[in-house]
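Chemist: Here's a sequence, model it:
(2 chains)
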Amino acid sequence: MNAALAPAAVVVRRTIAASAERLFDAWLDPISLSQWMRPGTIHSTVAQVDARVGGSYEIVMQADSGPIVHTGVYRVVDRPKRLVFTWQSVHTGPGETLVTVDFVRVDKRTEVIITHEQLPESARPGHDKGWTSALERLQEAFT
Amino acid sequence: MGEYKTATLNGVFNALCDPTRRAILARLTDADARVTDIAGNFPISLNSISKHIRMLERAGLLRRSIVGRDHVLSLNAEPLSAAANWIEHYRRFWEGRLAALDAFVTKQDKPKRKRR
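Modeler: Have a look, this model is predicted:
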């Protein structure tokens, strides 16, 4: 059960041989998004982006079963360090989820770190970080 | 992908977002405990502890059995599986997207790279 309790946020990371600017821009450019925001089962992706704090985006992925619509609002747009946006789709349910993307220079490469978390109903922007790190500590306590 | 019981999921994530409630769960992973024992572990009132316990019960994370005059709490991990499924779905999704992002930018950058 310890393993089940541990992860309350998804954290994935990958170091990529490209500049932070190049990678950051790929998250906000609709043409770029249509290329890489396309899982294997998706025929095509169309993205619309209003890349500013408070601006919204829509990413529509065409699957066999029909379109899967992802929407959200940008909360932090800090090029080329950090991008934070809400993320909602049929798979996230009615609650709001939050995606934080950090870009960290490692020599000439960049580590991209994605943190995706469910926001508790009472959560406000600014509390998210503490919540995540607290859960990480909990995770440590259980392993 | 599958459908997730989002009500359960929200309840679980809400329950976990408070340090006192996480500490109560951590305490109960060791062994079942009486409400009064748990209250003794925290520098807050029994009333406050009871509120946290009720919230954990609503999320389905705690079971309460009454033994004589004692209320004994035990951990119920089942609702956590919904949260674990959600986590697993998005872990795979984002790992796949990062691999695609890698391929996309490194493929695009190559022709621009000057060689000496």
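Chemist: which residues in chain A form strands?
Modeler: According to DSSP state E, chain A carries its strands in the segments A:9-16, A:44-49, A:56-63, A:66-78, A:82-87, A:97-106, A:109-118.
Chemist: so where's the chain uncertain?
Modeler: You didn't pick a chain, so chain A it is. Scanning chain A for pLDDT under 70 picks out the ranges A:1-8, A:93-95, A:119-143.
Chemist: ah, I was thinking of chain B
Modeler: In chain B, residues with pLDDT under 70: B:1-8, B:108-116.
Chemist: Tell me the residues on it that lie near chain A, please.
Modeler: Residues of chain B found near chain A (Cβ under 8 Å from any Cβ of the partner chain) are B:1, B:4, B:6, B:9-10, B:13-14, B:16-17, B:19, B:22, B:25-26, B:29, B:75, B:77, B:80-81, B:83-84, B:86-87, B:89-91, B:93-106, B:109. Using the backbone N, CA and C atoms, a C-beta is placed for each residue, glycine as well.
Chemist: Quick one: buried ones out of these?
Modeler: The neighbour count (16 or more other Cβ atoms under 10 Å in any protein chain shown) marks B:4, B:6, B:9-10, B:13-14, B:16-17, B:22, B:25, B:75, B:77, B:80, B:83-84, B:86-87, B:89-91, B:93-94, B:97-98, B:100-102, B:104-105 as buried among the residues of chain B next to chain A.
Chemist: I'd guessed B:Asn76 sits against B:Ala59; true?
Modeler: No. Checked against Cβ atoms under 8 Å, the pair B:Asn76 and B:Ala59 is beyond contact range at 9.4 Å.
Chemist: Among those two, which residue is more densely surrounded?
Modeler: B:Ala59 (21 against 16; other Cβ atoms under 10 Å in any protein chain shown).
Chemist: what about the more buried one, distance to B:Leu75?
Modeler: Using Cβ to Cβ, to the nearest Å, B:Ala59 is found at 12 Å from B:Leu75.
Chemist: B:Trp86 contacts A:Gln118, correct?
Modeler: Yes. With contact defined as Cβ under 8 Å, B:Trp86 counts as touching A:Gln118 (7.2 Å).
Chemist: Which residue, other than its chain neighbours, is closest to A:Thr100?
Modeler: A:Thr115 (4.4 Å; Cβ to Cβ, 6 or more residues apart in numbering or on different chains).
Chemist: Now do the same contact list for that neighbour.
Modeler: Residues near A:Thr115 by Cβ atoms under 8 Å, 6 or more residues apart in numbering or on different chains: A:9-11, A:99-102, A:132.
Chemist: repeat for B:Leu25
Modeler: Taking Cβ under 8 Å, 6+ apart as the criterion, B:Leu25 is in contact with A:5, B:16, B:56, B:61, B:75.
Chemist: want to throw those residues into JSON lines with distance to A:Val77 and secondary structure?
Modeler: Putting those into JSON lines (distance: Cβ to Cβ, whole Å; DSSP: H, G, I helix; E, B strand; the rest coil) gives the following:
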{"residue": "A:Leu5", "distance to A:Val77": "34", "secondary structure": "helix"}
{"residue": "B:Leu16", "distance to A:Val77": "29", "secondary structure": "helix"}
{"residue": "B:Leu56", "distance to A:Val77": "37", "secondary structure": "helix"}
{"residue": "B:Leu61", "distance to A:Val77": "37", "secondary structure": "coil"}
{"residue": "B:Leu75", "distance to A:Val77": "41", "secondary structure": "strand"}
